[in-house]
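Student: Compute the structure for the input listed below.
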Amino acid sequence: MRILLGITGGIAAYKAANLIRLLKEAGHDVTVLPTKNALNFIGETTLEALSGKNIDLDMYHDVADVRHVELGQQADLILVAPATASFLARLAGGVADDLLLNAILASRAPIVVAPAMHTEMWQNSATQDNVSTLQARGIRVMEPAVGRLTGSDSGPGRMPEPEEIVEFALSGLPLQGKRVLITAGGTREPIDTVRFIGNASTGRMGIELAKAARDLGATVTLIAANVETAIPAGVETIRVSSVDELELAMDRDCDLIVMAAAVSDFKVAKPSTEKLKRGHALTLELTPTKDLIAGYVANHKVVSVAFALSDSNGEKLVEIATQKLWDKGVDFIVGNSVIALGSDSNAIEFISRDGSESATGSKAELSRWILERVIPKLS
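Tutor: Purely as a prediction, here's the structure:
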């Protein structure tokens, strides 16, 4: 995993040396990004020697390479330890006044912060409000330890030991080491050289699922069928158009497959090799396409999730989705209505062999919700 380790200007910065060592020994690629104030507490030479990489704090170095964006986009996980009260305030306010904060704001990677400061600073209502703001955005904040502080007093605010920070940072990644294959969007089957049979899928649900799987630590491959929505960073992407192209792209092993793409049920038997001209009636011969997810699970030992799109709601949707669960041979089915097409939110029925659950929310929220119910099956 590519970890961006931020170090801010507190006395606990000296513990970052052991933190780097532990992350490297665990096999992670660590890029260290201290603030200028952090270097008052730990030396640049030490950080370079332990990480094996040069330390660069200058916002205006390698401007042509857009370094502040590159650092954020390349990270699979961002860990800031220690995180001072000043840093928490600036991050909560979206203030990008140094290279570290610029990189964080330019990243879609999960973020973990380990605050360290004096007790009164940690307990100050302003700091607690900032922590609540960060947690509401999905940033994981590790509770400081209780113990001896810089002076003679003790209390909450002490930076936890590096071993505890590593365990906390990586424990929130239940899909670490898992390969997840996600399909998104809608297939297009050619009629002639410019026309096609398609559908209204935007691919938004599949993309949100790819983000959620990535943020849970998975190595994600996204097969995007005619998706115009922005593709998330940190995800391998394969672009396809037709059912045949999608089937070919799916020919790979994984631990979990999520079939969120809207696959055409039919294709034109003999598409024209030229643009058809207007002026006469046209009859198209349609042939049924393969059930790609049924074929995939029949030939791969994998945990599988499929989607069922219907005009129905409520009990009728559960009935339809449950039938598809058995017909396709998948582990889980997510039933949803056509009204969700193009929307940021959704209402779903999550069907397993043990029963069903209902959930509503944004597609981002539901993606995480779905994966949390699938993860135990991967154990």
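
Student: Run a quick neighbour tally on Gly138.
Tutor: Gly138 has 11 neighbours, counted by other CB atoms under 10 Å. (Each C-beta comes from the backbone N, C-alpha and C, glycine too.)

Student: hmm, I was thinking of Val334
Tutor: Number of residues near Val334 (other CB under 10 Å) recorded here: 23.

Student: Doesn't it lie inside a strand?
Tutor: Yes - according to DSSP: H, G, I helix; E, B strand; the rest coil, Val334 belongs to a strand.

Student: going forward, begin numbering at 44 instead of 1
Tutor: That works, and once the first residue is 44, the last one we named lands at Val377.

Student: Could you list everything it pairs with in the sheet?
Tutor: Phe350, Phe393 (DSSP bridges).

Student: who's in contact with it?
Tutor: Counting by CB atoms under 8 Å, 6 or more residues apart in numbering, Val377 makes contact with 348-351, 364, 391-394, 413.

Student: Any chance of JSON lines for these, columns distance to Met248, neighbour count and pLDDT?
Tutor: Listed next are those as JSON lines, based on distance: CB to CB, whole Å; neighbours: other CB atoms under 10 Å; pLDDT from 0 to 100:
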{"residue": "Val348", "distance to Met248": "11", "neighbour count": "24", "pLDDT": "98"}
{"residue": "Ala349", "distance to Met248": "12", "neighbour count": "28", "pLDDT": "97"}
{"residue": "Phe350", "distance to Met248": "8", "neighbour count": "25", "pLDDT": "95"}
{"residue": "Ala351", "distance to Met248": "13", "neighbour count": "22", "pLDDT": "90"}
{"residue": "Ala364", "distance to Met248": "15", "neighbour count": "25", "pLDDT": "90"}
{"residue": "Ile391", "distance to Met248": "9", "neighbour count": "26", "pLDDT": "90"}
{"residue": "Glu392", "distance to Met248": "14", "neighbour count": "24", "pLDDT": "91"}
{"residue": "Phe393", "distance to Met248": "13", "neighbour count": "22", "pLDDT": "96"}
{"residue": "Ile394", "distance to Met248": "16", "neighbour count": "27", "pLDDT": "95"}
{"residue": "Ile413", "distance to Met248": "9", "neighbour count": "24", "pLDDT": "95"}
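
Student: Quick one: those as a markdown table, columns for distance to Pro199 too.
Tutor: Listed next are these as a markdown table, based on distance: CB to CB, whole Å:
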| residue | distance to Pro199 |
| --- | --- |
| Val348 | 42 |
| Ala349 | 47 |
| Phe350 | 46 |
| Ala351 | 49 |
| Ala364 | 48 |
| Ile391 | 41 |
| Glu392 | 44 |
| Phe393 | 39 |
| Ile394 | 45 |
| Ile413 | 36 |
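
Student: List just the nearest of those residues to Asp141.
Tutor: Closest to Asp141 out of those is Ile413 (37.0 Å), distances taken as CB to CB.

Student: dump the residue contacts of the closest residue to Ala304 other than its chain neighbours.
Tutor: On the basis of CB to CB, 6 or more residues apart in numbering, the spatially nearest residue to Ala304 that is not a chain neighbour turns out to be Thr226, at 3.7 Å. Contacts of Thr226 were listed using CB under 8 Å, 6+ apart, and they are 249, 265-266, 268, 289, 293, 300-304.

Student: Closest one of those residues to Asn80?
Tutor: Checking these one by one against Asn80 (CB to CB), the nearest turns out to be Leu265, at 39.0 Å.

Student: Contact partners for the closest residue to Met302 other than its chain neighbours?
Tutor: Nearest-residue entry for Met302: Ile336, 4.2 Å, with adjacent residues in sequence omitted and distances by CB to CB, 6+ apart. Listed by CB under 8 Å, 6+ apart, the contact partners of Ile336 are 300, 302, 347, 349, 371, 373.

Student: try it again with 10 Å
Tutor: Applying CB atoms under 10 Å, 6 or more residues apart in numbering to Ile336 gives the contacts 226, 293, 300-302, 304, 306, 347-350, 367, 371-373, 376.

Student: And for Ile154?
Tutor: Taking CB under 10 Å, 6+ apart, we find Ile154 in contact with 47, 49, 118, 120-123, 134, 147, 177, 180-184, 212, 258.

Student: at 8 Å instead, please
Tutor: Counted by CB under 8 Å, 6+ apart, Ile154 has contacts 120-123, 147, 181-183.
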